[in-house]
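**Student:** got a predicted model here, sequence first, then my questions.
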Amino acid sequence: MKSLKPLVVGPLCLLLCSFPVQASPQSAAQHAGQINALIPAASRNAQPVKVQDQLQWNDLLKTTHSGRVRAGLDDGSMLSLGSDSELRIVQHDSASQQTSLEMNFGKVRSQVVKIAKPGGKFEVTTPNAVIGVIGTDFYVGFERGKTTVICYEGKVTVTPRANAQAQNNSGQASGNSITVAAGQMVEIVSHVPPGGFQTVSTPPAVQQSSQLATDTNANTPPVYQAHSHVLRNLLIGSAIAVGLGVGLAVGTGNTTPPQRTNAPFKPVK
């Protein structure tokens, strides 16, 4: 029996040592990023979240009326989730540049690094639209059956889902998709509005207002006077982006939202 012991122990040790090597690639593939900043009224998978918490595939981020979250993805892209929002990180593979996000409701600003890998993609899906980019800075909001997309830099492709259609569109339609360039926006709705669908240009004031509304160094976004219901609706769609970055506070367990100050936001590295 003693002569058999080395024969049994040796292979067993090799088998046990192989487990970490096999598990490591799978674990790395599921990592998506980390929380960089927040106002604490937020959760990850229904549990309280804190700064520097790690993010995995299929993680669900949710904020209440007084909560906001900023997350850094592994490829360098940034997500700023506004209040009253829910966002699922379905997939984020930085090596192949495959990213898929789902927004059930709320608002998010995405600052996406340029897609350079063949077959790479960065998509945000709402209940009635799919938004795809190749590297840009844009805003997506979904509320009451309407998706609002505003592009700050680069280009965004917006494709309505099912029977949804575009209104207040300043982008370029091509087939069933709409290309929204910097300074443009589009709304996707599931039901035809009373006045029918409209195609409008984006006023410069709307572009400037939406950019300042999501600037983390801006204290008070300017208010512009609207002379038509179309411009008013565009301003409303732009202004709700104010919750994305303004007033974000870095914290690690402080349950009291901080007071607003004039100091610029400094994200945790």
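**Tutor:** Now that the structure is in, tell me what you want to look at. Bear in mind that the values here come from a model prediction, so they are computed numbers and not experimental data.
**Student:** switch to C-alpha atoms for all contacts and neighbour counts from now on
**Tutor:** Fine.
**Student:** right, and the helix or strand after the lengthiest strand in the chain?
**Tutor:** For the chain, the strand reaching the highest residue count under DSSP state E is reported as strand 98-111. Once strand 98-111 ends, the next helix or strand along the chain (criterion: DSSP states H and E) is strand 121-126.
**Student:** in this structure, which helix or strand is least confident?
**Tutor:** Every helix and strand in the chain was compared by mean pLDDT, DSSP states H and E; the lowest is helix 229-239, with a mean of 41.
**Student:** where does the prediction get shaky in the stretch 101-250 of the chain?
**Tutor:** Along the stretch 101-250 of the chain, segments meeting pLDDT under 70 span 192-250.
**Student:** switch to 80 and redo it
**Tutor:** The stretch 101-250 of the chain contains residues with pLDDT under 80 at 191-250.
**Student:** the closest residue to Ser190 other than its chain neighbours and Val108: what is the separation?
**Tutor:** Take Ser190 and drop its neighbours on the chain: the residue closest to it by C-alpha to C-alpha, 6 or more residues apart in numbering is Ala164, 4.1 Å away. Ala164 sits 21 Å away from Val108, taking C-alpha to C-alpha, to the nearest Å as the criterion.
**Student:** with Asn128 instead?
**Tutor:** In terms of C-alpha to C-alpha, Asn128 sits 16 Å off from Val108.
**Student:** which residues touch the residue nearest to Ser190?
**Tutor:** 128-129, 188-191 (C-alpha atoms under 8 Å, 6 or more residues apart in numbering).
**Student:** go again with 10 Å.
**Tutor:** Residues counted as contacts of Ala164 (C-alpha atoms under 10 Å, 6 or more residues apart in numbering) are 127-129, 145-147, 188-192.
**Student:** same deal with Ile35?
**Tutor:** 44, 49-55, 69-73, 79, 250, 267-268.
**Student:** does it sit in a helix or strand, and which one?
**Tutor:** strand 31-39.
**Student:** and the angle from that strand to strand 98-111?
**Tutor:** Counting by axes from the mean of the first three to the mean of the last three C-alpha atoms, to 10 degrees, strand 31-39 lies at 20 degrees to strand 98-111.
**Student:** alpha carbons only: can I get strand 31-39 in CSV?
**Tutor:** The C-alpha trace of strand 31-39 is given here as CSV (Å, rounded to 0.1, in the frame of the first residue of the first chain):
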residue,chain,number,x,y,z
HIS,A,31,-15.5,41.8,-14.6
ALA,A,32,-16.9,45.0,-16.1
GLY,A,33,-15.6,47.9,-14.0
GLN,A,34,-16.1,49.7,-10.7
ILE,A,35,-18.1,52.4,-8.9
ASN,A,36,-16.1,55.7,-9.0
ALA,A,37,-18.5,58.0,-7.3
LEU,A,38,-22.1,58.1,-5.9
ILE,A,39,-24.7,59.7,-3.8
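**Student:** picking up where we left off before, what pairs with the longest strand of the chain, parallel or antiparallel?
**Tutor:** strand 78-81 (antiparallel), strand 86-93 (antiparallel), strand 121-126 (parallel), strand 137-143 (antiparallel) (DSSP bridges).
**Student:** Thr159 is nearest to which of those strands?
**Tutor:** strand 121-126 (9.6 Å; C-alpha to C-alpha).
**Student:** restricted to buried residues, select the contacts of Ile35 in ChimeraX.
**Tutor:** Of the contacts of Ile35, the buried ones go into a single ChimeraX selection, burial set by 16 or more other C-alpha atoms under 10 Å:
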select :44,49,50,51,52,54,55,69,70,71,72,73,79,250,267
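**Student:** in strands, which of the contacts of Ile35 fall?
**Tutor:** Using DSSP E, the members of the contacts of Ile35 that fall in strands are 44, 54-55, 69-73, 79.
**Student:** mind putting these into TSV with pLDDT and distance to Thr179?
**Tutor:** Shown next, in TSV, are the ones in strands among the contacts of Ile35 (pLDDT from 0 to 100; distance: C-alpha to C-alpha, whole Å):
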residue	pLDDT	distance to Thr179
Arg44	96	33
Gln54	97	34
Leu55	98	31
Val69	95	28
Arg70	95	27
Ala71	97	26
Gly72	97	26
Leu73	98	25
Leu79	96	21
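**Student:** of those, closest to Arg88?
**Tutor:** Lowest distance from Arg88 to the ones in strands among the contacts of Ile35 (C-alpha to C-alpha) belongs to Arg44, with 9.5 Å.
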